[in-house]
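Visitor: need a 3D model of the sequence below.
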Amino acid sequence: QVQLVESGGGLVQPGGSLRLSCAASGIIFSIATMAWYRQAPGKQRELVAAISSGGTTDYGDSVKGRFTISRDNAKNTAYLQMNSLKPEDPGVYYCKMAIPFKGTYWGQGTQVTVST
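Guide: Numbering: from 1, shown residues only. This next block holds a predicted model:
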């Protein structure tokens, strides 16, 4: 049974930083493409960042230069380092795992709030 557990969300002031973690179990993590999505109230879920099994990364335009996605295959964990957080960054951040020929899995989400 595949499980993804996100952590690291919270309240931060504008300009601050947070690091999200996504711990995976029940699957061979190293072959997965990992991604972070976010969904703000009333808006569609959008891609924030993705990292392939080979380490190739991709970012949404609004977070380029501020967010960094990474992975530690030894720990079965993906990370999202978020710096210079802006008022437009809040939402529920979801971790997604895509396994070739097997399927896609989502975590339960972690809330990020940016406020003074």
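Visitor: quick one: the helices in the chain?
Guide: Shown for the chain, no helices are assigned by DSSP state H.
Visitor: so in terms of bridging, what pairs with the residue most central in space within the chain?
Guide: Ranked by distance to the mean C-alpha position of the chain (C-alpha atoms, centre = their mean), the top residue is Trp36 at 2.8 Å. On the basis of DSSP bridges, Trp36 is bridged to Ala49, Cys95.
Visitor: can you check Ser7 too?
Guide: With DSSP bridges as the rule, Ser7 is bridged to Ser21.
Visitor: run a quick neighbour tally on it.
Guide: 14 (other C-beta atoms under 10 Å). (C-beta placed from N, C-alpha, C; glycine too.)
Visitor: and it, how far from Gly107?
Guide: Ser7 sits 10 Å away from Gly107, taking C-beta to C-beta, to the nearest Å as the criterion.
Visitor: over to Tyr37?
Guide: In terms of C-beta to C-beta, Tyr37 sits 10 Å off from Gly107.
Visitor: what's the overlap in contacts for these two?
Guide: Tyr94, Lys96 (C-beta atoms under 8 Å, 6 or more residues apart in numbering).
Visitor: isn't Asp72 up against Tyr79?
Guide: Yes. Contact criterion C-beta atoms under 8 Å: Asp72 and Tyr79 qualify, at 7.4 Å.
Visitor: which one of these two has more residues nearby?
Guide: Tyr79 (21 against 12).
Visitor: tell me, how many residues neighbour the closest residue to the more buried one other than its chain neighbours?
Guide: Distances taken as C-beta to C-beta, 6 or more residues apart in numbering put Ser70 closest to Tyr79, at 4.9 Å, once the chain neighbours are dropped. Residues within reach of Ser70, counting by other C-beta under 10 Å, total 15.
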